[in-house]
Each structure stands twice: as structure tokens, then as C-alpha cells.
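Q: model the following, please.
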Amino acid sequence: MRDYALDSPETLLGQLQRGLGRGFLASMRGRVGKDELLNCVLHDPRSDPQLEERASYYAKLAIESELAVEAVAKAVRAANAETVCAGLPAEVLMEMAVRGRNDALVALREELRQDGWLQAVLVMNHAEHQYGHPLMESDDITSIAGRDAEELERIVVNLAHLPWQHWATSEPRLQTVMLAAHTEHKPSLRLPAGKPDTAMSTSALLRIAEPRNAVRVVRVLAQRTDAASVATMIAAGRGMDSNQRLAGLGALGAQAHTGLLEYAAEVLEAAAGRARDVRTPAMLRYLEALPPEATLPRARQWLNQVGRASVAAEHILARHARTEDRELVESSLANALEDDATFRACSMVDALTVIADSRSAEVLVQTFERLGYSRARPRVLRALERCCPEAVANLAIEALWDCESEARRRGAHMTLITEETSARLREIQGDMFEDERTRIAARRC
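A: Predicted coordinates:
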């Protein structure tokens, strides 16, 4: 997760850090930005590496600029050997390798024999899973099998999604490691989840509630509107059992029952700062489900407070904001941009989507350009499409080169057909590494 401030979006570095289409185009057309690109690869600019896309965006620029792989490979080797997620340098090397950069493939295979071996394993396996493009060879599997047995046992357990069984068919030592790992870390027997039945009492349904059956339990409980059942669910919502609390509040929310509104407000208002309170997740879901007439007045009061109540306000406004909330929401979004408050910014964009007022176009365009969280840009495009279609025209074109596949997909749906956009849409259609839904969207030209 990024722990530094991004450069200004007016600079090429800032644009590349955010994965903006304008940064990609500036680098491609001007044949500039090699130093800025390497900076981005070595210092991951994403606030959420598991969700934000950058690797293919940077890899395509690296190929076009003929970026040398040595510094990137060195960063792979320096990564935390215990991590269970691949880092950006390894991801970029993989994306370069599947696109034909042989030196990137050589670098990854070399890392399999060095300290960066686990990073290399993760991305090379991902290449086959995502693109159907195997990068490992038999001697690579041999190299993996030759590593320290205790280290392998731990990784076999922590990274069970890797194809250990397949690799073990050619490397018997891996079979031995897998057997030892599964013997030592044999999972404890878990009883099946209770099956909710309409014949069960409300109390009995609440007692069997747990994550595996929660949706079904809530569905049955939501049909119980008699006074005794509602009282039992209210008691569960106030109780200390987290599973029963979630089930009780989930059912009451589905009924739009406001019996715990005051209690939920007290819990959220009492949570200092953003300190964790085990009760708050259930309270947030409950408030989101209630009618806006009951929750919007409180959301307006809470939005500028500090603490979990302000988070509830964000969620409520994102779903139910009204025209009269526009200025409040726009001000909150502008402040979120200044503070780089990603989650609040996304919620306020969603709120402006609901309001759909053309006067919000300016702050939405600023959000598209400035916010570091790239997954917010498809949201911004959706908001602009609803509130001010004319303001979205240039951004839709730029989005065709965005790092986020969903942004490219929205751009493909929204952009005006010109000679430039037609050429880009044909390029997307023919890109075998492009997201399939985006390739389908590009067929409109």
C-alpha cells in the first residue's frame, strides 16, 4: 500500500502514477518518460495493490520505450520473501514476458533460483491462469522442488491455490513435501452449517446463524413480522454474539424496521476516531437498508464529524442522496481530494451519480484527474454520463488508454466515433491480452 504522496496530475510522473490515459499517450507519442515509468514500477503508486490495475499499463510502456529489465528484476529479488501476493515489479516483468520480451522472461526464470523465487512463481502461474500462456519449463519446477523443505511446507499451506499437485507429477520431492505439509497442518473437522427451516423458532434461527448460512437465515427471519419475533431480533441486534447480531439486524433492515435506529446511532456516535468496534459493521449494513426518510437527516449531520458515524453518512448518501444534498456532497468530495481520502471520495462520487446534477461536472472532472485510486475513474465516468454527458466526451476518449479495464470498457461504450477512436477501438479488439468484456465493447466501431 502506498505510503507517499503522488506527484501532481499536471506532471507526467503524476499521470503515470495514477494510470491515466493522458500519461500513456504522452509517453507513447513523445517517446519520453522512461525515468518516470521506472519510478512507478519500483515505487508502487497504488493505494490498493490487490484491486488497482497497473502492471499491463506499465508493461506496454516499458516495451515501447525499450526499458531495461535489470532494475526491475533487482526489485523482485529485494521483495519480502514471505509475502503471499506478487509485487508490482514481478507483475510488470510477467506482462512484458507474455507480450514477447524475452529478457523479461529470462529475468523471471533467473529469479526462480534467487531470493525473488516466490514472487516469480506467483506471477508465472498467474500468466498461465489469466492468459493461457505457460512461462515455466521443467527445470523451473525442478528448481522450486529443490528449495528448503520446511520453507516449501509452509508455502504449500499458505499458497494452496498454486498447482502443487500438477508440479509434483514430475517432481516426487514435491509430493513428499505436500504430504508432510498436509499431515502437520491437517485442518480440523468442521461441522456443516445449520440449515434454516421455516418451522424453526426465531430464537433457534438466530442460534444457528453463521457466515456460511447467513443469507438463508436472514431470508427466513425477514418474513417474521410478529411482535415477538421482532422483539427477539431487536434483542439479538443489541447482543454480543456477532453472528446473531448480523442476522437480527440484517432481517430488521430487510423489513425496513427502524426499531434499532436510535441504538445504531448511539453506537456509531460513540466510536471515537475510526477506532474499531465489533458492532459497527452490522450497524452500517442495517442503516444502509433503512428507508432514506429515516437515515438521511442523520447522514447530513454526521458527514463532517469524525468517527464511524461519518462512515455511515458516506454509505447512506452514496445510496440515497437528494438534490438538496448536492453542495454538501460536492464540498465533501473536494475535501476528500485534498486529503487523498479514497473511500470518502468514492462514496461522494456515487452520491453525485444518484443526484445527477450538471452543476457537479467540475468537481467530478477534477476527481477523474486528481484522485490516486484508479478504480474510482469508472465511477466518475458513470456519474458524468448521468449528470453531464457533454463533459464526459474528452474523458471518454482518454479512458480508452486508461490502466483500468473497466474505464477502457466504459470509454469504448461512451466515446464518439472518430478516426482516432476507431483506430483505438480496433486495437483493443485485436489485443489478445485485453479483458474480454472490453474487447466486446470495442466492437461498436
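Q: now do Val106: how many residues are near it, please.
A: Using other CB atoms under 10 Å, Val106 has 14 neighbouring residues. All C-beta spots, glycine's among them, are computed from the backbone N, C-alpha and C.
Q: residue contacts, it?
A: Under the criterion of CB atoms under 8 Å, 6 or more residues apart in numbering, Val106 has no neighbours.
Q: just the element for it, please.
A: Take DSSP states H and E as the rule and Val106 turns out to sit in helix 102-111.
Q: quick check: Leu249 touching Glu288?
A: No. Here Leu249 lies out of contact with Glu288, judged by CB atoms under 8 Å, at a distance of 10.6 Å.
Q: neighbour-wise, which of those two wins?
A: Between Leu249 and Glu288, counted using other CB under 10 Å, Leu249 has the larger neighbour count: 29 against 15.
Q: can you give the contact residues for stretch 198-213?
A: Contacts of stretch 198-213 from elsewhere in the structure, counted by CB under 8 Å, 6+ apart, are 193-196, 217, 220-221, 223-224, 228-229, 232-233, 236, 243-244, 246-248.
Q: again, 10 Å this time
A: Outside stretch 198-213, the residues that touch it by CB atoms under 10 Å, 6 or more residues apart in numbering are 190, 192-197, 216-218, 220-221, 223-224, 226, 228-233, 235-236, 239, 241-248, 250-251.
Q: hang on, the earlier thing: residues of the helix holding Val106 that come out buried?
A: By 16 or more other CB atoms under 10 Å, the buried positions in helix 102-111 come out as 104-105, 107-109, 111.
Q: same deal with stretch 278-294?
A: Buried positions in stretch 278-294, judged by neighbour count with 16+ other CB under 10 Å: 279-280, 282-284, 286-287, 289-290.
Q: just those now: which is nearest Gly30?
A: Ranked by distance to Gly30 (CB to CB), the buried residues of stretch 278-294 are led by Leu284 at 46.6 Å.
Q: neighbours of the residue lying closest to the closest one once chain neighbours are set aside, how many?
A: When the adjacent residues along the chain are set aside, Leu284 lies closest to Ala312, with 5.5 Å between them (CB to CB, 6 or more residues apart in numbering). Burial of Ala312 is recorded as 28 neighbouring residues (other CB under 10 Å).
Q: secondary structure element holding Phe343?
A: Element membership of Phe343 [criterion: DSSP H and E] is helix 342-355.
Q: about what we covered before: pretty sure the residue nearest to Leu284 contacts Arg298?
A: Yes. Under the criterion of CB atoms under 10 Å, Ala312 makes contact with Arg298 at 7.8 Å.
Q: need the overlap of contacts for those two.
A: 264-265, 268-269, 287.
Q: quick one on the thing from earlier: list just the nearest of the buried residues of helix 102-111 to Ser405.
A: Where these are concerned, and distances follow CB to CB, Ser405 has its nearest neighbour in Ala104, at 21.4 Å.
Q: I'd like the distance between that closest one and Glu398.
A: 28 Å (CB to CB, to the nearest Å).
Q: kindly report the same for His320.
A: Look at His320 and Glu398: by CB to CB, they are 31 Å apart.
Q: again, but for Leu352
A: Leu352 sits 20 Å away from Glu398, taking CB to CB as the criterion.
Q: cool, Leu13 as well?
A: Counting by CB to CB - Leu13 and Glu398 are separated by 18 Å.
Q: then Phe433?
A: With distances defined as CB to CB, the gap from Phe433 to Glu398 amounts to 21 Å.
Q: and those two? Which one has more around it.
A: Glu398 (21 against 14).
Q: contact partners for that one?
A: 20-25, 368-369, 377, 407, 411, 415.
Q: now the element after the lowest-mean-pLDDT helix or strand in the chain, going C-ward?
A: Counting by mean pLDDT, DSSP states H and E, the weakest-scoring helix or strand in the chain turns out to be helix 172-184, with a mean of 89. Counting by DSSP H and E, the next helix or strand C-terminal to helix 172-184 is helix 202-208.
Q: just the buried residues of that following helix, please?
A: Of the residues in helix 202-208, 202, 205-208 count as buried by neighbour count, 16+ other CB under 10 Å.
Q: just stretch 70-89 next, same as before
A: For stretch 70-89, the buried set under the neighbour-count rule, 16+ other CB under 10 Å, comprises 72-73, 75-77, 79, 86-89.
Q: so which of those sits lowest on pLDDT?
A: Looking at pLDDT alone, these dip lowest at Ala86, where the score is 74.
Q: need phi/psi at the residue positioned nearest the centre of the chain.
A: By CA atoms, centre = their mean, the mean C-alpha position of the chain lies nearest to Leu51, the distance being 3.1 Å. The phi and psi torsions at Leu51 (degrees, to the nearest 10) take the values phi -110, psi -40.
Q: quick one: contacts for it?
A: For Leu51, the contact set (CB under 10 Å, 6+ apart) comprises 373-375, 404.
Q: hmm, back to that, tell me which of the shared contacts of Ala312 and Arg298 fall in helices.
A: Filtering the shared contacts of Ala312 and Arg298 for membership in helices, criterion DSSP state H, returns 264-265, 268-269, 287.
Q: which residue, other than its chain neighbours, is closest to Met283?
A: Counting by CB to CB, 6+ apart, the nearest residue to Met283 once its immediate chain neighbours are dropped is Ala264, at 4.3 Å.
Q: cool, and Arg77?
A: Using CB to CB, 6+ apart, the closest residue to Arg77 is Gly116 (4.0 Å).
Q: now do the same contact list for the closest residue in space to Ser347 that isn't next to it in sequence.
A: Take Ser347 and drop its neighbours on the chain: the residue closest to it by CB to CB, 6+ apart is Glu314, 3.8 Å away. Contacts were defined as CB under 10 Å, 6+ apart; by that measure Glu314 touches 284, 299, 302-303, 329, 332, 336, 341, 343-348, 350-351.
Q: coming back round to it: keep only those of the contacts of stretch 198-213 that are in helices.
A: Helix and strand membership here follows DSSP H; of the contacts of stretch 198-213, those in helices are 216-218, 220-221, 228-233, 235-236, 242-248, 250-251.
Q: list buried residues within the residues you listed.
A: For the ones in helices among the contacts of stretch 198-213, a neighbour count by 16+ other CB under 10 Å gives the buried set as 216-218, 220-221, 229-230, 232-233, 236, 243-248, 250-251.
Q: next, the contact list for His315, please.
A: 284-285, 287-288, 295, 299, 343, 347, 350-351.
Q: pLDDT weak spots in the stretch 151-300 of the chain?
A: 187-188, 272-276 (pLDDT under 70).
Q: distance of Leu88 relative to Glu53?
A: 11 Å.
Q: now the common contact residues for those two.
A: Between them, Leu88 and Glu53 share these contacting residues under CB under 10 Å, 6+ apart: Arg46.
Q: Arg99 contacts Ile63, doesn't it?
A: Yes. Assessed by CB under 10 Å, Arg99 is found in contact with Ile63 at 6.0 Å.
Q: who has more neighbours out of these two?
A: With other CB under 10 Å as the criterion, Arg99 and Ile63 differ in neighbour count, and Arg99 comes out ahead with 18 against 15.
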